[in-house]
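# this is the structure alone, sequence omitted:
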């Protein structure tokens, strides 16, 4: 590994952890654009698995309502698995830059929806019907791009859950996706012992970034900071798409 590669990885971990601590946004969603631009999406995807699982586990332990959430959303969680496996099969066949452009589209949609979300909450009846579709689609997008937020994030937001149940539901989805993703990337030869050691070493900037992000959250207007981060993700998305168009 070159010095430049180490700097890119450390920067991605620190920025993603800082954003997670300050705003609660997903670690992978914030880290992958930097890794994709610096290393390529396929090289970056295995590097976010362990830090993402660690940060998710901490959040899940704090949120509570685990059994209740699993009982309520198990069709969505279960449907994520086949979608993710199909997405990984597609990833193996497509060019890394094309996959990065797909990630760019996901980030742009994610940022726009989260910035401007409005509308009435959906009913429990409609939510039960949409849950498996949301899970499968999220797995598919995750397998191709490494991003775990679409469309599960807007789906759960539309249900107007209380914050702890929302955090628990989305982090169970993130964690399940990370576990399946780790297995799939290992089978594809992308999750290696080297990536595991890099990820473990990266827990240091992850810890520092999370702590600093939490400190910022306690001092600044969280809503303003959240909007700045979402705009940043939209810009990353545009850059990734531009990289594909100009190649």
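Arrived safely. All figures in this text were calculated on a predicted structure; none of them were measured in a lab.
# distance of residue 127 from residue 76?
Look at residue 127 and residue 76: by CB to CB, to the nearest Å, they are 9 Å apart. Any C-beta I mention is one placed from the backbone N, CA and C, and that applies to glycine too.
# and for residue 137?
Separation of residue 137 from residue 76 (CB to CB): 10 Å.
# out of those two, which sits in the busier spot?
Neighbour totals were compared for residue 137 and residue 76, and residue 76 leads with 26 against 19 (other CB atoms under 10 Å).
# now the element after the top helix by length along the chain, going C-ward?
Selection of the longest helix in the chain by residue count, based on DSSP state H, yields helix 66-93. Per DSSP states H and E, the first helix or strand lying C-terminal to helix 66-93 is helix 96-116.
# ramachandran angles for the residue in the chain sticking out farthest from the centre?
The outermost residue of the chain, judged against the average C-alpha position, is residue 125 (27.3 Å), by CA atoms, centre = their mean. The phi/psi pair for residue 125 (degrees, to the nearest 10) reads phi -60, psi -50.
# tell me the confidence at it?
On pLDDT, residue 125 comes in at 87.
# before we move on, what about residue 51?
The model reports residue 51 with a pLDDT of 88.
# measure the closest residue to it other than its chain neighbours to residue 129 for me?
Leaving out its chain neighbours, the residue that sits closest to residue 51 by CB to CB, 6 or more residues apart in numbering is residue 206, at 4.8 Å. For residue 206, the distance to residue 129 equals 38 Å [CB to CB].
# next: residue 17.
With the distance defined as CB to CB, residue 17 ends up 36 Å from residue 129.
# between residue 206 and residue 129, which one's more packed in?
The neighbour count for residue 206 versus residue 129, taken as other CB under 10 Å, is higher for residue 206 (25 against 11).
# number of residues surrounding the closest residue to residue 92 other than its chain neighbours?
Nearest residue to residue 92 in three dimensions, chain neighbours excluded: residue 188, at 5.7 Å (CB to CB, 6+ apart). Residues near residue 188, counting by other CB under 10 Å, number 15.
# contacts only, for residue 188.
The neighbours of residue 188, taking CB atoms under 8 Å, 6 or more residues apart in numbering as the test, are 88, 91-92.
# again with residue 31
Contacts here follow CB under 8 Å, 6+ apart; on that basis residue 31 touches 12-13, 15-16, 44, 47-48, 51.
# 7 Å instead?
Taking CB atoms under 7 Å, 6 or more residues apart in numbering, we find residue 31 in contact with 12-13, 16, 48.
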